[in-house]
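**Q** the following comprises the amino acid sequence and a computationally predicted model.
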Amino acid sequence: MPVNARTRTPRPWLMLVVGGGSQTATALLISTPAYLIPLLHTERGLSLAEAGLIATAPNVGVLLTLILWGAATDRWGERVILVSGLVVAVAGAIASMLAGGYVMLALAFALCGIGAAATSATSGRVVIGWFPPERRGMAMGLRQMALPLGTAAGALLVPPLVADGELWPPLLVSAVVVALAAVASLVFIVNPPRPARAVDAEGRPANPYRGDATLGRIHLVSALLVVPQYALSIFGLVWLIADQGWNPVAAGVVVAVAQILGAGGRVLIGMLSDRLGSRLRPLRWVALAGIPLLLLTAVAGELHQPVAVAVLYVLASCVSVADNGLAFTAVAEIAGAHWSGRALGAQNTGQFLAAAIVAPAVGLLIGLTGYSAAFALLALAPAAAIPLVPKDRQPS
């Protein structure tokens, strides 16, 4: 039996490793369907839009439940909700291996997303709760490495595991990894302390959304910036294989490298935000950098220059994921301990709503215009985000 969470000695770096590891495990699980697109499209006969719709099913599950999990975390604490979500994610992975037909497969993937959604607010709150403001940017950058590392693992694992035309091997691997994360979370996670609940001038519990558009603007900026992030991660592999004529393993390596370097970039931008004492200034810089990189990636793809394609795809992917930790940290700091679960749920709801639209919409756009034009049009998203970035708020 594990030691009770109330009596266990908290170790912030251990909290970071276990919470981030749980996020990595679920990122592997919910990114796996995207890497099944080449198999579903080229061998199973589904259109790119149909395969993209199945691949986005986990995002739909995440989208529907993020705020609910966040509210549950505000009410019952991080540890119990994190473990519960991981158990649901394992159930979804098992269901996907047993699914008969593509509708059932999509529903099982959605259940994976429902479980994975719990790890977002919970692991983020653990980091915010155990690290002081002057180290939160770095700590959250490390925690935010989880998504690109999990996605990178999927890019490396899925292509060879589905080489025989079977869908279940990568899903089994993901199920095992998530189950191990659930056990580690049960044993090691300690809920961080909470300050007294703040009240407004009328004595009501303070609501950080009331009379202040800062959080709403950050949510909108993040939803816009997630469009190129998900488009590049979902369609990067099939673009390199089907449009650029690359070997599937080589394409997987490039996508994995992009995700791994992107993970490191999140740490560096987080450390920069600590040094500047600002989460929002670097957020604006990330949006600015994304525009030329997306346009240059589109040009390289149109010219079919392999080296330029690889380099620019990696750079564009790195920049496209760099904003997540900054926005996540800013939202948690502004919302406060008693609202951060719901605020982080709302933050990721906007991102996953955009992500859920990206797969079928960009798949359709690619079918109409080709990959290069579609990638160029993605630059409109960061361009629209730049004027929406709020002014700085002091961390608390």
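**A** Sure, I can see it.

**Q** where does pLDDT dip in the stretch 151-300 of the chain?
**A** Within the stretch 151-300 of the chain, the stretches with pLDDT under 70 are 195-205.

**Q** what ranges do the helices span in it?
**A** Ranges of helices in the stretch 151-300 of the chain, per DSSP state H, counting those that start in this stretch, are 168-188, 214-238, 248-276, 280-303.

**Q** point out the most buried one among those helices.
**A** Mean neighbour counts were compared across these using mean count of other C-beta atoms under 10 Å; the top stretch is helix 214-238, at a mean of 24. The way it works is simple: take the backbone N, C-alpha and C, and place the C-beta from them, glycine included.

**Q** pLDDT score assigned to Tyr57?
**A** No Tyr there; residue 57 is Ala. Confidence at Ala57, expressed as pLDDT, is 89.

**Q** quick one: contacts for it?
**A** For Ala57, the contact set (C-beta atoms under 8 Å, 6 or more residues apart in numbering) comprises 33, 105-107, 109-110, 113.

**Q** backbone torsions only: list them for the nearest residue to Thr214 once chain neighbours are set aside.
**A** Take Thr214 and drop its neighbours on the chain: the residue closest to it by C-beta to C-beta, 6 or more residues apart in numbering is Pro390, 4.8 Å away. Backbone dihedrals for Pro390, given as degrees, to the nearest 10, come out at phi -70, psi 170.

**Q** how close does Pro390 get to Gly124?
**A** Distance of Pro390 to Gly124, computed by C-beta to C-beta, to the nearest Å: 19 Å.

**Q** so for the two, which residue has more residues nearby?
**A** Set side by side, Pro390 and Gly124 show more neighbours around Gly124, with 29 against 18, by other C-beta atoms under 10 Å.

**Q** other SSEs contacting the host helix or strand of that one?
**A** Secondary structure assigned from DSSP states H and E places Gly124 in helix 102-130. Helices and strands in packing contact with helix 102-130 are listed as helix 12-35, helix 48-55, helix 57-76, helix 78-98, helix 133-144, helix 323-335, helix 340-369; criterion 3 or more C-beta pairs under 8 Å, 6 or more residues apart in numbering; DSSP states H and E.

**Q** what's the burial count for Pro193?
**A** Close neighbours of Pro193, defined as other C-beta under 10 Å, add up to 9.

**Q** ok, the closest residue to Ala343 other than its chain neighbours - contacts?
**A** Here the nearest residue to Ala343 in space, its sequence neighbours aside, is Ala335; by C-beta to C-beta, 6+ apart that works out to 3.5 Å. Contact analysis of Ala335 by C-beta under 8 Å, 6+ apart lists 208, 215, 342-344.

**Q** highest neighbour count among those?
**A** Neighbour counts for the contacts of Ala335, by other C-beta under 10 Å, peak at Leu344, which reaches 27 neighbours.

**Q** pLDDT score assigned to that one?
**A** For Leu344, the predicted pLDDT is 81.

**Q** isn't it right up against Glu333?
**A** No: Leu344 sits out of contact with Glu333 when judged by C-beta atoms under 8 Å, with a separation of 10.9 Å.

**Q** test my guess that Asn324 contacts Val267.
**A** No: in terms of C-beta under 8 Å, Asn324 does not count as a neighbour of Val267; the distance is 11.8 Å.

**Q** quick revisit: so which of the helices and strands packed on helix 102-130 is the most surrounded?
**A** Of the helices and strands packed on helix 102-130, the one with the most neighbours on average (mean count of other C-beta under 10 Å) turns out to be helix 323-335, with a mean of 27.

**Q** what pLDDT, on average, does that one get?
**A** When pLDDT is averaged over helix 323-335, the result is 83.

**Q** so how far is it off the chain centroid?
**A** Averaging C-alpha coordinates over helix 323-335 and over its chain gives two centres that are 14 Å apart (C-alpha atoms, centre = their mean, to the nearest Å).

**Q** between helix 57-76 and it, find me the angle.
**A** When axes from the mean of the first three to the mean of the last three C-alpha atoms, to 10 degrees is applied, the directions of helix 323-335 and helix 57-76 differ by 30 degrees.

**Q** so helix 323-335 versus helix 248-276, what angle?
**A** With the same axes, to 10 degrees defining the directions, helix 323-335 sits at 40 degrees from helix 248-276.

**Q** grab the nearest non-local neighbour of Val331.
**A** Nearest in space to Val331, with sequence neighbours left out and distances taken as C-beta to C-beta, 6+ apart, is Gln347 at 4.7 Å.

**Q** okay, that neighbour: pLDDT?
**A** The confidence metric pLDDT takes the value 85 at Gln347.

**Q** list the contacts for it?
**A** Gln347 makes contact with 218-219, 222, 327-328, 331 under the criterion C-beta under 8 Å, 6+ apart.

**Q** adding distance to Leu303, write those residues out as CSV.
**A** Rendered in CSV, the data for those read as follows (distance: C-beta to C-beta, whole Å):
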residue, distance to Leu303
Ile218, 37
His219, 37
Ser222, 32
Ala327, 34
Phe328, 36
Val331, 40
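
**Q** out of these, who's nearest Ile260?
**A** Nearest to Ile260, judged by C-beta to C-beta, of the contacts of Gln347 is Phe328 at 19.6 Å.

**Q** got the contact list for the closest one?
**A** Counting by C-beta under 8 Å, 6+ apart, the residues that Phe328 touches are 124, 140, 144, 344, 347.
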